[in-house]
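**Student:** Any chance you could fold what I've pasted below:
(one chain, ligands or ions: 1)
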Amino acid sequence: MSEPIIICDNLVKIYKVADLEVVALQGLDLEVAPGEMIAIVGASGSGKSTLLNILSGLDVPSAGGCRVSGNDLTRLTAAQRLNYRRYIVGQVWQQSGRNLLPELSAEANVALPQMLSGVGSRQRNQRARELLGLVGLGDKLNKKPEQLSGGEQQRCAIAVALANSPQVLLADEPTGELDSVTAHVIYNLLRELNQQLGLTIVTVTHDAALAANVDRTIAIRDGRTSTETVRREAELDELHEHMQEASAIIGLSTRTHRESVLIDRAGRLQLPKEAIERLPFNGRAEVRIVDDHVELWPLQSEGNGNGKNGHIISEPSMKGEKH
Ligand SMILES: Nc1ncnc2c1ncn2[C@@H]1O[C@H](COP(=O)(O)OP(=O)(O)OP(=O)(O)O)[C@@H](O)[C@H]1O
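**Tutor:** So this is what the prediction gives:
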(Lines give C-alpha, C1' and ligand atoms only; values in the text may rest on other atoms or scores of the structure.)
Protein backbone atom coordinates (compact mmCIF):
# COMPACT_ATOMS: atom_id res chain seq x y z
CA MET A 1 0.00 0.00 0.00
CA SER A 2 1.34 3.47 -0.82
CA GLU A 3 1.77 6.03 1.97
CA PRO A 4 -1.72 6.31 3.53
CA ILE A 5 -3.64 9.56 3.00
CA ILE A 6 -5.63 8.88 6.19
CA ILE A 7 -4.05 7.49 9.35
CA CYS A 8 -5.97 7.06 12.60
CA ASP A 9 -3.82 5.70 15.37
CA ASN A 10 -5.45 4.62 18.61
CA LEU A 11 -8.06 7.34 18.11
CA VAL A 12 -10.22 8.20 21.12
CA LYS A 13 -13.24 10.50 21.30
CA ILE A 14 -15.01 11.11 24.58
CA TYR A 15 -18.10 13.31 24.72
CA LYS A 16 -18.91 14.94 28.03
CA VAL A 17 -22.62 15.35 28.65
CA ALA A 18 -23.34 16.95 32.03
CA ASP A 19 -21.52 14.65 34.48
CA LEU A 20 -21.43 11.73 32.08
CA GLU A 21 -18.67 10.71 29.71
CA VAL A 22 -19.62 8.88 26.51
CA VAL A 23 -16.72 7.05 24.91
CA ALA A 24 -17.63 7.17 21.22
CA LEU A 25 -14.26 5.97 19.87
CA GLN A 26 -11.99 3.87 22.05
CA GLY A 27 -8.67 3.32 20.30
CA LEU A 28 -9.65 3.12 16.64
CA ASP A 29 -6.98 2.33 14.05
CA LEU A 30 -7.49 2.99 10.36
CA GLU A 31 -5.32 3.54 7.31
CA VAL A 32 -6.67 4.54 3.89
CA ALA A 33 -4.54 4.64 0.74
CA PRO A 34 -4.82 7.53 -1.73
CA GLY A 35 -7.48 6.76 -4.33
CA GLU A 36 -9.15 4.09 -2.21
CA MET A 37 -12.92 3.97 -1.77
CA ILE A 38 -13.95 2.52 1.56
CA ALA A 39 -17.20 2.05 3.44
CA ILE A 40 -17.51 2.25 7.22
CA VAL A 41 -20.27 0.03 8.58
CA GLY A 42 -21.40 -0.86 12.08
CA ALA A 43 -24.36 -0.91 14.42
CA SER A 44 -26.07 2.29 15.48
CA GLY A 45 -23.96 4.08 18.10
CA SER A 46 -20.73 2.27 17.15
CA GLY A 47 -18.95 5.56 16.37
CA LYS A 48 -19.20 5.87 12.56
CA SER A 49 -20.41 9.48 12.45
CA THR A 50 -17.99 10.44 15.21
CA LEU A 51 -15.13 9.16 13.05
CA LEU A 52 -16.41 11.04 10.00
CA ASN A 53 -16.83 14.24 12.01
CA ILE A 54 -13.22 13.99 13.16
CA LEU A 55 -11.96 13.29 9.63
CA SER A 56 -13.95 16.26 8.35
CA GLY A 57 -12.36 18.58 10.91
CA LEU A 58 -15.72 19.32 12.56
CA ASP A 59 -14.78 17.54 15.76
CA VAL A 60 -11.45 17.20 17.59
CA PRO A 61 -10.12 13.87 18.91
CA SER A 62 -9.76 13.48 22.69
CA ALA A 63 -6.60 11.35 22.34
CA GLY A 64 -4.64 9.34 19.81
CA GLY A 65 -3.42 10.36 16.36
CA CYS A 66 -5.30 11.37 13.23
CA ARG A 67 -3.58 12.65 10.07
CA VAL A 68 -5.22 13.37 6.73
CA SER A 69 -3.01 14.29 3.80
CA GLY A 70 -0.25 15.32 6.21
CA ASN A 71 -2.56 17.45 8.40
CA ASP A 72 -2.40 16.53 12.07
CA LEU A 73 -6.05 16.91 13.10
CA THR A 74 -5.18 16.93 16.79
CA ARG A 75 -3.16 20.15 16.48
CA LEU A 76 -4.75 22.40 13.85
CA THR A 77 -5.21 26.06 14.72
CA ALA A 78 -8.60 27.59 13.90
CA ALA A 79 -7.22 29.09 10.67
CA GLN A 80 -5.58 25.79 9.64
CA ARG A 81 -8.81 23.94 10.42
CA LEU A 82 -10.77 26.29 8.17
CA ASN A 83 -8.24 25.77 5.38
CA TYR A 84 -8.36 22.02 5.91
CA ARG A 85 -12.17 21.99 5.72
CA ARG A 86 -12.14 24.19 2.65
CA TYR A 87 -9.46 22.52 0.52
CA ILE A 88 -8.57 19.04 1.76
CA VAL A 89 -11.95 17.42 2.46
CA GLY A 90 -15.36 17.65 0.84
CA GLN A 91 -18.44 16.40 2.65
CA VAL A 92 -21.83 15.02 1.63
CA TRP A 93 -24.52 14.47 4.25
CA GLN A 94 -27.58 12.23 4.18
CA GLN A 95 -30.00 15.15 4.55
CA SER A 96 -29.97 17.25 1.39
CA GLY A 97 -31.04 20.29 3.47
CA ARG A 98 -27.61 20.16 5.07
CA ASN A 99 -25.81 20.06 1.71
CA LEU A 100 -27.54 22.78 -0.33
CA LEU A 101 -28.83 26.30 0.23
CA PRO A 102 -32.50 26.26 -0.82
CA GLU A 103 -32.58 29.82 -2.18
CA LEU A 104 -29.66 29.28 -4.58
CA SER A 105 -29.67 27.55 -7.97
CA ALA A 106 -27.62 24.39 -8.47
CA GLU A 107 -24.93 26.44 -10.22
CA ALA A 108 -24.81 29.07 -7.45
CA ASN A 109 -24.64 26.33 -4.79
CA VAL A 110 -21.54 24.85 -6.48
CA ALA A 111 -20.03 28.32 -7.04
CA LEU A 112 -20.48 29.34 -3.37
CA PRO A 113 -17.58 27.40 -1.76
CA GLN A 114 -15.30 28.72 -4.50
CA MET A 115 -16.50 32.28 -3.86
CA LEU A 116 -15.64 31.83 -0.17
CA SER A 117 -12.17 30.72 -1.29
CA GLY A 118 -11.71 33.87 -3.37
CA VAL A 119 -12.16 32.36 -6.86
CA GLY A 120 -13.29 34.94 -9.43
CA SER A 121 -16.86 34.81 -10.74
CA ARG A 122 -16.11 33.68 -14.31
CA GLN A 123 -13.83 30.90 -13.17
CA ARG A 124 -16.13 29.65 -10.39
CA ASN A 125 -19.21 29.64 -12.62
CA GLN A 126 -17.32 27.75 -15.30
CA ARG A 127 -16.16 25.15 -12.76
CA ALA A 128 -19.69 24.91 -11.34
CA ARG A 129 -21.03 24.13 -14.83
CA GLU A 130 -18.27 21.58 -15.45
CA LEU A 131 -18.90 19.83 -12.14
CA LEU A 132 -22.66 19.77 -12.63
CA GLY A 133 -22.04 18.28 -16.08
CA LEU A 134 -19.79 15.66 -14.50
CA VAL A 135 -22.51 14.57 -12.08
CA GLY A 136 -25.14 14.52 -14.85
CA LEU A 137 -26.92 17.78 -14.02
CA GLY A 138 -25.67 19.84 -16.98
CA ASP A 139 -29.28 20.63 -17.92
CA LYS A 140 -30.36 21.65 -14.39
CA LEU A 141 -27.95 24.52 -13.73
CA ASN A 142 -30.67 27.03 -12.88
CA LYS A 143 -32.91 24.73 -10.83
CA LYS A 144 -33.26 25.35 -7.12
CA PRO A 145 -32.95 22.34 -4.77
CA GLU A 146 -36.74 22.04 -4.34
CA GLN A 147 -37.04 21.64 -8.13
CA LEU A 148 -34.62 18.69 -8.08
CA SER A 149 -35.43 15.09 -7.17
CA GLY A 150 -33.78 13.51 -4.11
CA GLY A 151 -31.15 11.79 -6.27
CA GLU A 152 -30.48 15.01 -8.21
CA GLN A 153 -30.07 16.90 -4.93
CA GLN A 154 -27.45 14.37 -3.81
CA ARG A 155 -25.67 14.66 -7.16
CA CYS A 156 -25.67 18.44 -6.75
CA ALA A 157 -24.35 17.98 -3.18
CA ILE A 158 -21.49 15.88 -4.53
CA ALA A 159 -20.66 18.67 -7.03
CA VAL A 160 -20.68 21.20 -4.15
CA ALA A 161 -18.37 18.95 -2.11
CA LEU A 162 -15.94 18.77 -5.06
CA ALA A 163 -16.03 22.52 -5.79
CA ASN A 164 -12.64 23.29 -4.22
CA SER A 165 -11.00 20.07 -5.57
CA PRO A 166 -10.63 18.22 -2.24
CA GLN A 167 -8.36 15.20 -1.92
CA VAL A 168 -10.82 13.26 0.20
CA LEU A 169 -14.61 13.01 -0.10
CA LEU A 170 -16.45 12.07 3.12
CA ALA A 171 -20.02 10.88 2.71
CA ASP A 172 -22.30 10.17 5.66
CA GLU A 173 -25.13 7.88 4.53
CA PRO A 174 -25.24 9.49 1.05
CA THR A 175 -27.97 7.10 -0.10
CA GLY A 176 -29.84 6.95 3.20
CA GLU A 177 -32.90 8.89 2.02
CA LEU A 178 -33.05 7.46 -1.51
CA ASP A 179 -34.94 4.54 -3.04
CA SER A 180 -32.78 1.62 -4.14
CA VAL A 181 -32.73 2.54 -7.85
CA THR A 182 -31.67 6.14 -7.16
CA ALA A 183 -29.19 4.94 -4.54
CA HIS A 184 -27.63 2.75 -7.23
CA VAL A 185 -27.15 5.79 -9.48
CA ILE A 186 -25.45 7.67 -6.62
CA TYR A 187 -23.02 4.94 -5.69
CA ASN A 188 -22.17 4.36 -9.34
CA LEU A 189 -21.44 8.08 -9.58
CA LEU A 190 -19.23 7.95 -6.47
CA ARG A 191 -17.39 4.99 -7.96
CA GLU A 192 -16.86 6.83 -11.27
CA LEU A 193 -15.53 9.91 -9.49
CA ASN A 194 -13.25 7.71 -7.42
CA GLN A 195 -11.87 6.03 -10.54
CA GLN A 196 -11.80 9.03 -12.92
CA LEU A 197 -10.46 11.64 -10.51
CA GLY A 198 -8.46 9.31 -8.23
CA LEU A 199 -10.53 10.76 -5.39
CA THR A 200 -10.23 9.05 -2.00
CA ILE A 201 -13.75 8.35 -0.71
CA VAL A 202 -14.79 7.37 2.80
CA THR A 203 -18.48 6.67 3.15
CA VAL A 204 -20.49 5.67 6.19
CA THR A 205 -23.40 3.50 5.19
CA HIS A 206 -26.08 1.05 6.27
CA ASP A 207 -26.67 0.31 2.58
CA ALA A 208 -25.37 -3.21 1.91
CA ALA A 209 -25.32 -2.59 -1.85
CA LEU A 210 -23.11 0.46 -1.41
CA ALA A 211 -20.87 -1.37 1.04
CA ALA A 212 -20.47 -4.15 -1.55
CA ASN A 213 -19.39 -1.68 -4.24
CA VAL A 214 -16.25 -0.31 -2.57
CA ASP A 215 -12.63 -1.50 -2.31
CA ARG A 216 -12.76 -2.18 1.39
CA THR A 217 -15.48 -2.33 4.02
CA ILE A 218 -14.40 -1.53 7.56
CA ALA A 219 -16.66 -2.66 10.36
CA ILE A 220 -16.59 -0.66 13.58
CA ARG A 221 -17.70 -2.24 16.82
CA ASP A 222 -17.85 -0.32 20.13
CA GLY A 223 -15.70 2.53 18.83
CA ARG A 224 -12.95 0.29 17.46
CA THR A 225 -12.15 -1.10 14.04
CA SER A 226 -13.17 -4.74 14.18
CA THR A 227 -12.99 -6.39 10.77
CA GLU A 228 -12.31 -5.39 7.22
CA THR A 229 -13.50 -6.97 4.00
CA VAL A 230 -11.39 -6.57 0.89
CA ARG A 231 -13.24 -6.91 -2.41
CA ARG A 232 -11.49 -9.38 -4.59
CA GLU A 233 -12.40 -12.06 -7.06
CA ALA A 234 -10.63 -15.11 -5.66
CA GLU A 235 -11.27 -18.71 -6.52
CA LEU A 236 -11.24 -20.99 -3.49
CA ASP A 237 -8.22 -22.91 -4.74
CA GLU A 238 -6.21 -19.66 -5.07
CA LEU A 239 -6.21 -19.25 -1.31
CA HIS A 240 -3.90 -20.96 1.15
CA GLU A 241 -5.43 -24.08 2.58
CA HIS A 242 -5.72 -22.52 6.03
CA MET A 243 -7.51 -19.48 4.55
CA GLN A 244 -10.03 -21.76 2.83
CA GLU A 245 -10.66 -23.43 6.14
CA ALA A 246 -11.00 -20.15 8.02
CA SER A 247 -13.34 -18.80 5.36
CA ALA A 248 -15.50 -21.91 5.52
CA ILE A 249 -15.77 -21.65 9.31
CA ILE A 250 -17.06 -18.11 9.31
CA GLY A 251 -19.26 -18.77 6.29
CA LEU A 252 -17.38 -16.45 3.99
CA SER A 253 -17.72 -16.57 0.23
CA THR A 254 -14.16 -16.63 -1.04
CA ARG A 255 -15.34 -15.96 -4.57
CA THR A 256 -16.29 -12.38 -3.91
CA HIS A 257 -14.35 -11.14 -0.94
CA ARG A 258 -12.09 -12.11 1.85
CA GLU A 259 -12.25 -10.82 5.34
CA SER A 260 -9.40 -9.97 7.63
CA VAL A 261 -9.27 -8.70 11.17
CA LEU A 262 -7.24 -5.63 11.99
CA ILE A 263 -4.37 -6.02 14.41
CA ASP A 264 -3.44 -2.85 16.25
CA ARG A 265 0.09 -1.85 17.17
CA ALA A 266 -0.19 -3.55 20.55
CA GLY A 267 -1.15 -6.81 18.78
CA ARG A 268 -4.83 -6.70 19.81
CA LEU A 269 -7.41 -8.02 17.39
CA GLN A 270 -11.18 -8.47 17.37
CA LEU A 271 -12.47 -11.69 15.91
CA PRO A 272 -15.48 -11.51 13.59
CA LYS A 273 -18.79 -11.99 15.41
CA GLU A 274 -19.43 -15.14 13.35
CA ALA A 275 -16.20 -16.71 14.66
CA ILE A 276 -17.07 -16.00 18.28
CA GLU A 277 -20.59 -17.35 17.83
CA ARG A 278 -19.32 -20.44 16.08
CA LEU A 279 -16.43 -21.36 18.36
CA PRO A 280 -16.42 -21.70 22.17
CA PHE A 281 -13.59 -19.24 22.92
CA ASN A 282 -15.18 -18.07 26.19
CA GLY A 283 -12.83 -15.13 26.44
CA ARG A 284 -9.54 -16.99 26.02
CA ALA A 285 -7.68 -18.66 23.19
CA GLU A 286 -4.58 -20.72 22.80
CA VAL A 287 -2.12 -19.12 20.38
CA ARG A 288 0.06 -21.25 18.13
CA ILE A 289 2.68 -19.67 15.92
CA VAL A 290 3.16 -21.83 12.84
CA ASP A 291 5.77 -20.74 10.25
CA ASP A 292 3.87 -18.11 8.24
CA HIS A 293 0.66 -17.82 10.24
CA VAL A 294 -0.86 -17.78 13.69
CA GLU A 295 -3.59 -20.09 14.92
CA LEU A 296 -6.12 -19.34 17.65
CA TRP A 297 -7.67 -22.37 19.33
CA PRO A 298 -10.49 -22.59 21.85
CA LEU A 299 -8.84 -23.80 25.07
CA GLN A 300 -10.92 -26.96 25.37
CA SER A 301 -9.62 -28.18 22.00
CA GLU A 302 -6.19 -28.82 23.59
CA GLY A 303 -4.57 -31.69 21.72
CA ASN A 304 -6.86 -31.39 18.77
CA GLY A 305 -4.21 -30.05 16.47
CA ASN A 306 -5.24 -31.67 13.23
CA GLY A 307 -6.57 -28.39 11.83
CA LYS A 308 -10.00 -29.88 11.10
CA ASN A 309 -12.00 -28.61 13.99
CA GLY A 310 -12.61 -24.92 14.12
CA HIS A 311 -9.73 -22.54 14.24
CA ILE A 312 -9.44 -19.06 12.89
CA ILE A 313 -6.14 -17.94 11.54
CA SER A 314 -4.91 -14.42 11.15
CA GLU A 315 -2.43 -13.73 8.38
CA PRO A 316 -0.54 -10.52 9.16
CA SER A 317 0.58 -9.99 5.56
CA MET A 318 -3.02 -9.36 4.51
CA LYS A 319 -3.32 -6.14 6.55
CA GLY A 320 -3.88 -3.15 4.33
CA GLU A 321 -3.60 -5.05 1.04
CA LYS A 322 -5.50 -3.54 -1.83
CA HIS A 323 -6.56 -5.64 -4.78
N1 LIG B 1 -22.30 15.23 20.33
C2 LIG B 1 -22.41 14.17 21.12
N3 LIG B 1 -22.57 14.29 22.46
C4 LIG B 1 -22.68 13.21 23.24
N5 LIG B 1 -22.64 11.93 22.82
C6 LIG B 1 -22.49 11.73 21.50
C7 LIG B 1 -22.39 12.84 20.58
N8 LIG B 1 -22.24 12.33 19.32
C9 LIG B 1 -22.27 10.98 19.45
N10 LIG B 1 -22.43 10.63 20.75
C11 LIG B 1 -22.46 9.26 21.29
O12 LIG B 1 -21.31 8.59 20.82
C13 LIG B 1 -21.63 7.24 20.44
C14 LIG B 1 -21.30 7.04 18.97
O15 LIG B 1 -22.21 7.82 18.19
P16 LIG B 1 -22.14 7.93 16.60
O17 LIG B 1 -23.19 8.92 16.18
O18 LIG B 1 -20.76 8.20 16.18
O19 LIG B 1 -22.55 6.46 16.16
P20 LIG B 1 -22.99 5.93 14.72
O21 LIG B 1 -22.31 4.63 14.55
O22 LIG B 1 -22.75 6.98 13.68
O23 LIG B 1 -24.55 5.70 14.91
P24 LIG B 1 -25.74 5.81 13.83
O25 LIG B 1 -25.54 4.68 12.87
O26 LIG B 1 -26.98 5.66 14.66
O27 LIG B 1 -25.63 7.17 13.17
C28 LIG B 1 -23.10 7.06 20.77
O29 LIG B 1 -23.19 6.50 22.06
C30 LIG B 1 -23.65 8.46 20.76
O31 LIG B 1 -24.77 8.57 21.63
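**Student:** Who are the packing partners of the helix or strand in which residue 125 is found?
**Tutor:** Taking DSSP states H and E as the criterion, the element that holds residue 125 is helix 121-134. Counting contacts by 3 or more Cβ pairs under 8 Å, 6 or more residues apart in numbering; DSSP states H and E, the secondary-structure elements packed against helix 121-134 are helix 106-116, helix 150-161. Placement of C-beta: from N, CA and C, glycine included.
**Student:** burial measure for residue 168, as a count.
**Tutor:** Close neighbours of residue 168, defined as other Cβ atoms under 10 Å, add up to 20.
**Student:** do the same with residue 12
**Tutor:** Here the count is done by other Cβ under 10 Å, and residue 12 has 15 residues near it.
**Student:** just residue 75 next, same as before
**Tutor:** Look at residue 75: counted by other Cβ under 10 Å, it has 11 neighbours.
**Student:** re earlier: give me the distance from the helix holding residue 125 to the chain's centre.
**Tutor:** Helix 121-134 has its average C-alpha position 28 Å from the chain's average C-alpha position, going by Cα atoms, centre = their mean, to the nearest Å.
**Student:** contact partners of that helix?
**Tutor:** Contacts to helix 121-134, defined as Cβ atoms under 8 Å, 6 or more residues apart in numbering, come from residues 106-108, 110-111, 114-115, 119, 138, 140-141, 156, 159, 162-163, 193.
**Student:** coming back round to it: closest to the ligand out of the helices and strands packed on helix 121-134?
**Tutor:** Each of the helices and strands packed on helix 121-134 was checked against the ligand via Cβ to the nearest ligand atom, and the shortest separation belongs to helix 150-161, namely 17.7 Å.
**Student:** Buried ones in the helix holding residue 125, by neighbour count?
**Tutor:** Applying a neighbour-count criterion of 16 or more other Cβ atoms under 10 Å, the buried positions in helix 121-134 are 124, 125, 127, 128, 129, 131, 132, 134.
**Student:** One more: stretch 76-92?
**Tutor:** Within stretch 76-92, the residues that qualify as buried are 76, 81, 84, 85, 86, 88, 89, 90, 91, 92, counting by 16+ other Cβ under 10 Å.
**Student:** quick revisit: next, the angle helix 106-116 makes with the helix holding residue 125.
**Tutor:** Here the directions of helix 121-134 and helix 106-116 differ by 130 degrees (axes from the mean of the first three to the mean of the last three Cα atoms, to 10 degrees).
**Student:** In the stretch 51-200 of the chain, what residue lies closest to the ligand?
**Tutor:** For the stretch 51-200 of the chain, Cβ to the nearest ligand atom, closest residue to the ligand: residue 51, 6.9 Å.
**Student:** Sweet, I'm off.
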